[in-house]
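Chemist: pasting the sequence and the predicted model now:
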Amino acid sequence: MLELWKTRVKAHQQQQFKYLRLVFNDHFVLVLIVMLGAALYAYSQFVKNLTQVPIWLGPGLALLLSLAVPVGRLATLVEPADAVFLLPQASAFGKYLLKARRYSLLLPEVFLLLLGGASWPLLQKLGFSDVSGVLTLLVTLMAMKDLDMWFQLTDRYEGKKAYMRRSYVFFLTLVALLLGFWLHPAISMMIALVADLGFRWQVGSWLPKQQLDYDVMIQREQDRMSVIYRFYNLFTDVPGMNGGVKRRRYLDFLLALVPKKQKNTWRYLYLRGFLRGTEFSGLFVRLTLIAGVLLLFVNQWWLSALLAVLFVYLVGFQLIPFYQQYDEVVFVHLYPLPQGQKQQAFSRLVLVLLSAQVVVLTLISLIQWQLMNSGAILIGGLLITAGMAYWYVPFRLRRFD
């Protein structure tokens, strides 16, 4: 079983690296670097402006860290055929799952270490300025994540008890952190260690007596990989990952804005596909919401404009694969329409969508009554929108035809 685990981990990593090379291209890496720099700058300004500790700081930080603990799911790398071919090896599958548990802890614990280290300035504002405060917080997060992973492991077995739910780990973490921020982080560490070690002791005698639930284990792994592949599918084609379609009758009034004439065939088709598809419309909404949330925490006009320009560019860049959405549909090749009309219709769609995004981000910025920020977002956003719709997108589309 251990050799099987090594073989599957190697194959899994090779497959993930293949997609990650496509995801982290030059454009996306540049956007990530600028976004990270902007987020760090905004965070430093936020901490600097905390001259008085607000009453919500402790509970807010405890809630944020508690929500971060469940990040990261158990990667078993099982396959549907395992329910048949590995059924005789069910008793030996426990060692395989223990390897999977250790492997699954790596990235979440690195994430929690970075998040816990980043919260040190806020701990100092709460009165825990020495190194022991952040160290005990890190131990608390590591122990709670270890407990969360044990709960996920027991979920793959039959006969699991009612208290073996991941939601209980979240509430336990929240209570422990609230007590720690009220008294001292050492209280949180003690609660986390007692809970983790106590459950380890109990599960050690419980697991050997239980039977694997192959159906649940396979379904959990398929759900986990589906989330990862949906993310990859935003950047490249993933076999078997196709966006869904929803009727969305409430958006039909937008289709009425396009006159039903022959010269508008591609405009209507692209708009209809965008409104009813879940892949690209979901991408547009998610990135716009993320940009709007970030802008609420930015006070500098130049940083607001930079974030708006980056997110408008990122949306425009991610929309380009939508141009080939109907290339495999035979009927579109039978339309008596010139090829240039297709490019014009798609560029028009990009222009409308990016302009709408700029307007939304400008209105979000106006919530704080910062007119200079809103003006910078509007001007910068419209400039990058014009550049994307009239130059960059047509330039990229010529490569497809």
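Modeler: Thanks, I have the structure now.
Chemist: report the buried residues of the longest helix anywhere in the chain.
Modeler: Longest helix in the chain by number of residues (criterion: DSSP state H): helix 339-366. The neighbour-count check on helix 339-366 (16 or more other C-beta atoms under 10 Å) flags 341-355, 357-358, 360-362, 364-365 as buried. Using the backbone N, CA and C atoms, a C-beta is placed for each residue, glycine as well.
Chemist: which SSE is the residue most central in space within the chain in?
Modeler: Taking C-alpha atoms, centre = their mean as the criterion, F231 is the residue nearest the geometric centre of the chain, at 7.8 Å. For F231, the enclosing helix or strand under DSSP states H and E is helix 214-232.
Chemist: and that helix, what does it pack onto?
Modeler: With contacts defined as 3 or more C-beta pairs under 8 Å, 6 or more residues apart in numbering; DSSP states H and E, helix 214-232 has these neighbours: helix 2-23, helix 82-85.
Chemist: following element in sequence after it, please.
Modeler: Going down the chain from helix 214-232, the next helix or strand is helix 252-255, by DSSP H and E.
Chemist: right, and the helix or strand after that following helix?
Modeler: helix 265-276.
Chemist: what's the angle from that following helix to helix 339-366?
Modeler: Helix 265-276 and helix 339-366 are oriented at 40 degrees to each other (axes from the mean of the first three to the mean of the last three C-alpha atoms, to 10 degrees).
Chemist: tell me the contacts of the residue nearest to the centre of the chain?
Modeler: Neighbour list for F231: V23 [criterion: C-beta atoms under 8 Å, 6 or more residues apart in numbering].
Chemist: next up, the contacts around the residue nearest to F170 when sequence neighbours are not counted.
Modeler: Nearest residue to F170, sequence neighbours excluded (C-beta to C-beta, 6 or more residues apart in numbering): S66, at 5.6 Å. Counting by C-beta under 8 Å, 6+ apart, S66 touches F170, T173, L174, L177.
Chemist: and the pLDDT at N242?
Modeler: According to the prediction, N242 has pLDDT 58.
Chemist: tell me the secondary structure at L30.
Modeler: The three-state assignment at L30 reads helix, by DSSP: H, G, I helix; E, B strand; the rest coil.
Chemist: before we move on, back to that, okay, the contacts of S66 in a markdown table with neighbour count and secondary structure next?
Modeler: Converted to a markdown table, these look like this (neighbours: other C-beta atoms under 10 Å; DSSP: H, G, I helix; E, B strand; the rest coil):
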| residue | neighbour count | secondary structure |
| --- | --- | --- |
| F170 | 17 | helix |
| T173 | 29 | helix |
| L174 | 17 | helix |
| L177 | 28 | helix |
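Chemist: quick check: which element contains the residue nearest to F170?
Modeler: Applying DSSP H and E as the criterion places S66 in helix 57-68.
Chemist: so, low pLDDT: which residues of the stretch 151-300 of the chain?
Modeler: By pLDDT under 70, the low-scoring segments of the stretch 151-300 of the chain are 161-163, 234-237, 239-244, 278.
Chemist: if we can go back for a sec, any idea how far the residue nearest to F170 lies from H184?
Modeler: Per C-beta to C-beta, to the nearest Å, S66 is found 18 Å from H184.
Chemist: ok, the closest residue to V216 other than its chain neighbours to L207 distance?
Modeler: Leaving aside its sequence neighbours, V216 sits nearest to R156 (C-beta to C-beta, 6+ apart; 6.2 Å). In this view, R156 and L207 are 10 Å apart by C-beta to C-beta.
Chemist: more crowded one of the two?
Modeler: Set side by side, R156 and L207 show more neighbours around R156, with 23 against 17, by other C-beta atoms under 10 Å.
Chemist: tell me the SS of the spatially most distant residue from the centre of the chain?
Modeler: The outermost residue of the chain, judged against the average C-alpha position, is P336 (42.1 Å), by C-alpha atoms, centre = their mean. Assigned state for P336: coil (three-state reduction, three-state DSSP).
Chemist: and for G127?
Modeler: Going by three-state DSSP: G127 is coil.
Chemist: do W369 as well
Modeler: Secondary structure state of W369, per three-state DSSP, is coil.
Chemist: can you give me phi and psi for W56?
Modeler: The phi/psi pair for W56 (degrees, to the nearest 10) reads phi -90, psi 0.
Chemist: how many neighbours does it have?
Modeler: W56: 9 neighbours (other C-beta under 10 Å).
Chemist: and the gap between it and F322?
Modeler: Separation of W56 from F322 (C-beta to C-beta) stands at 41 Å.
Chemist: likewise V78?
Modeler: To F322, V78 is 34 Å away according to C-beta to C-beta.
Chemist: ok, F171 next?
Modeler: Taking C-beta to C-beta, one finds F171 at 42 Å from F322.
Chemist: same question for L174.
Modeler: 41 Å.
Chemist: can you check K10 too?
Modeler: 35 Å.
Chemist: list the contacts of K260.
Modeler: K260 makes contact with Y268 under the criterion C-beta under 8 Å, 6+ apart.
Chemist: what's the burial count for the closest residue to S281 other than its chain neighbours?
Modeler: Closest residue in space to S281, ignoring its immediate chain neighbours: F274 at 5.7 Å, by C-beta to C-beta, 6+ apart. Counted with other C-beta under 10 Å, the neighbours of F274 add up to 20.
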